[in-house]
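1. Just need the structure, nothing else, for what follows:
(one chain, ligands or ions: 2)
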Amino acid sequence: MQEAVAQLRAEFGRDAVILHTRQKRRGFFGLFGRPLYEIIGAVDPESNTAREPKPEVKTVPERPPAAPAPKSHIWPEDIASIYQALLATGIPRDTANGLLGEVLRGLPEQAWSNEQRIWHELANHIARQVSTVEPWTFEDGQGIAVFIGPTGVGKTTTIAKLAANFALVAGKKVGVITTDTYRIAAVDQLRTYADIIGIPFEVVFSPKELHAAAGRLQDRDLILIDTAGRSPNNQLHINELRNYFNDMPVEVHLVVSATTKEADVPRLVEVFGEIPIDRVIITKLDETTTYGIILHVSKLAKAPISFVTTGQGVPDDIEVADGQYIAKLILGDFL
Ligand SMILES: Nc1nc2c(ncn2[C@@H]2O[C@H](COP(=O)(O)OP(=O)(O)OP(=O)(O)O)[C@@H](O)[C@H]2O)c(=O)[nH]1
Ligand SMILES: [Mg+2]
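-> Residues are numbered from 1 along each chain as shown. Ligands and ions are numbered 1, 2, ... in the order given. Below you'll find the predicted structure:
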């Protein structure tokens, strides 16, 4: 198999990606009577080392190749174009390889030319891979959730949406606390929502005050805690955030905008992940047309998606995350 991979790379460049590998039955084509290995690869046309933007099925015999290696070349153009389309959704390369490989392995070879079927299977795989979680049921008592993330992603707005829905629609006792005394007007922003909804609101300046405020909200079913948006490149601010919630049993929701650049996601997740992440919220789905980042963030954060938000409107533009819905969003017109 290594030899076959090396051969594929030699012929198509270092960036050739392996989509599918399989050991063929002995006596393939009645030749040699030795096991054969089949690899399907694709070449990313954007890559510099790519020489041929076409996939190839390459079959090589097991060592030692006493006779010239038997090769069968077929050109499943459909699969190459599906792979490219998958990358264009913003799904990172590794994930796209894995997904397409899994789907192909699960389908009989005759189905590989059935584009519709492949897209359908991809949607099923994505729906299974995007982990989601039910909203709070309050069966285990009070819920305390804190919302952290980069600046301007919609943390405060999301808290306002959740507070309004759980208080006014679900009839739960909700309280909000803000630790964001950093930005002028941040306190007023959330206080205004709390006043309109008619729920208690607390402003805290230190971890000690946070404990005290949570104590005063003991009768609440749900406490939502807002934090100041932080840059993942400011370690001092991240440490400060971590110290706030070190010794408090809170459910940490990482809030990430769907407009985040794919390349920035790993660092973002790593740095905010210093505060163990329990849930991910993806905001601003309405501001982009590619949604692969949803899968990307949830995988890297190793946390399920709780909610997605779809506009500026409070309280309507928020939905409970659902795998099928997210898969459809990601694959869009292809389904
Ligand atoms: N289009 C769109 N805009 C949103 C969404 N959620 C929030 N916003 C807007 O994003 C802007 C910032 O929202 P905030 O809730 O203040 O963001 P934040 O994360 O609390 O910001 P900081 O506290 O400064 O870090 C506001 O204009 C919101 O209306 C969304 O789902 N879609
Ligand atoms: Mg805010």
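
2. from here on, contacts and neighbour counts on C-alpha atoms
-> Fine.

3. a strand runs through residue 145, doesn't it?
-> Yes. According to DSSP: H, G, I helix; E, B strand; the rest coil, residue 145 belongs to a strand.

4. Next, find the distance separating it from residue 162.
-> For residue 145, the distance to residue 162 equals 11 Å [CA to CA, to the nearest Å].

5. tell me which element the most centrally placed residue in the chain is part of?
-> Nearest residue to the geometric centre of the chain (CA atoms, centre = their mean): residue 295, 2.5 Å. Per DSSP states H and E, residue 295 falls inside helix 292-301.

6. and if you look at residue 118?
-> helix 115-129.

7. what packs against that helix?
-> helix 77-88, helix 93-106, helix 323-331 (3 or more CA pairs under 8 Å, 6 or more residues apart in numbering; DSSP states H and E).

8. May I see the ones you listed organised as a markdown table, with distance to residue 209 and mean neighbour count added?
-> What follows is the helices and strands packed on helix 115-129, written out as a markdown table (distance: least, CA to CA, whole Å; neighbours: other CA atoms under 10 Å):
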| stretch | distance to residue 209 | mean neighbour count |
| --- | --- | --- |
| helix 77-88 | 47 | 18 |
| helix 93-106 | 43 | 18 |
| helix 323-331 | 38 | 20 |
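
9. just for the protein, where's the confidence low?
-> Counting by pLDDT under 70, the low-confidence segments of the chain come to 23-36, 44-76.

10. Close to ligand 1: what parts of this protein are there?
-> 150-157, 228-229, 283-284, 286-287, 309-312 (CA under 6 Å from any ligand atom).

11. Quick check: strands, which of the residues you listed are part of them?
-> Among the residues of the chain next to ligand 1, the members falling in strands (DSSP state E) are 283, 309.

12. Please produce a ChimeraX select command covering the buried subset of the residues of the chain next to ligand 1.
-> Only the buried entries of these go into this ChimeraX selection, using 16 or more other CA atoms under 10 Å:
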select :150,151,153,154,155,156,157,228,229,283,284,309,310,311,312
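
13. Of the residues of the chain next to ligand 1, which belong to helices?
-> Assigned to helices by DSSP state H, the following of these qualify: 155, 156, 157.

14. which residues touch the last one?
-> Right, the one you point to is residue 157. By CA atoms under 8 Å, 6 or more residues apart in numbering, the residues touching residue 157 are 312, 314.

15. Check the second one too.
-> For residue 156, the contacting residues are 189, 190, 226, taking CA under 8 Å, 6+ apart as the criterion.

16. Tell me how the protein divides into domains.
-> 2-129, 143-334 (automatic domain parsing).

17. would you put the C-alpha positions of stretch 282-301 in CSV?
-> Extracted C-alpha coordinates of stretch 282-301, given in CSV (Å, rounded to 0.1, in the frame of the first residue of the first chain):
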residue,chain,number,x,y,z
ILE,A,282,-22.3,29.4,15.7
THR,A,283,-23.6,32.9,14.9
LYS,A,284,-24.2,34.9,11.8
LEU,A,285,-25.2,32.1,9.5
ASP,A,286,-27.0,34.7,7.5
GLU,A,287,-23.8,36.6,6.8
THR,A,288,-22.1,33.8,4.8
THR,A,289,-22.8,31.3,2.0
THR,A,290,-20.4,28.6,3.0
TYR,A,291,-20.9,26.7,6.2
GLY,A,292,-18.2,24.1,6.4
ILE,A,293,-16.8,25.9,9.4
ILE,A,294,-19.6,24.6,11.6
LEU,A,295,-18.2,21.1,11.2
HIS,A,296,-14.7,22.3,11.6
VAL,A,297,-15.2,24.2,14.8
SER,A,298,-17.3,21.5,16.5
LYS,A,299,-14.7,18.8,15.6
LEU,A,300,-11.7,20.8,16.8
ALA,A,301,-13.4,22.0,20.0
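
18. Mind listing residues that contact that stretch?
-> Counting by CA under 8 Å, 6+ apart, 88-92, 126, 129-131, 153-154, 255-260, 262, 265-266, 269-270, 273, 277, 280, 304-305, 307-311, 326, 329-330 sit against stretch 282-301.

19. ok, now stretch 92-108?
-> Residues contacting stretch 92-108 (CA under 8 Å, 6+ apart): 17-20, 83, 86-87, 112, 118, 121-122, 125-126, 262, 292, 296.
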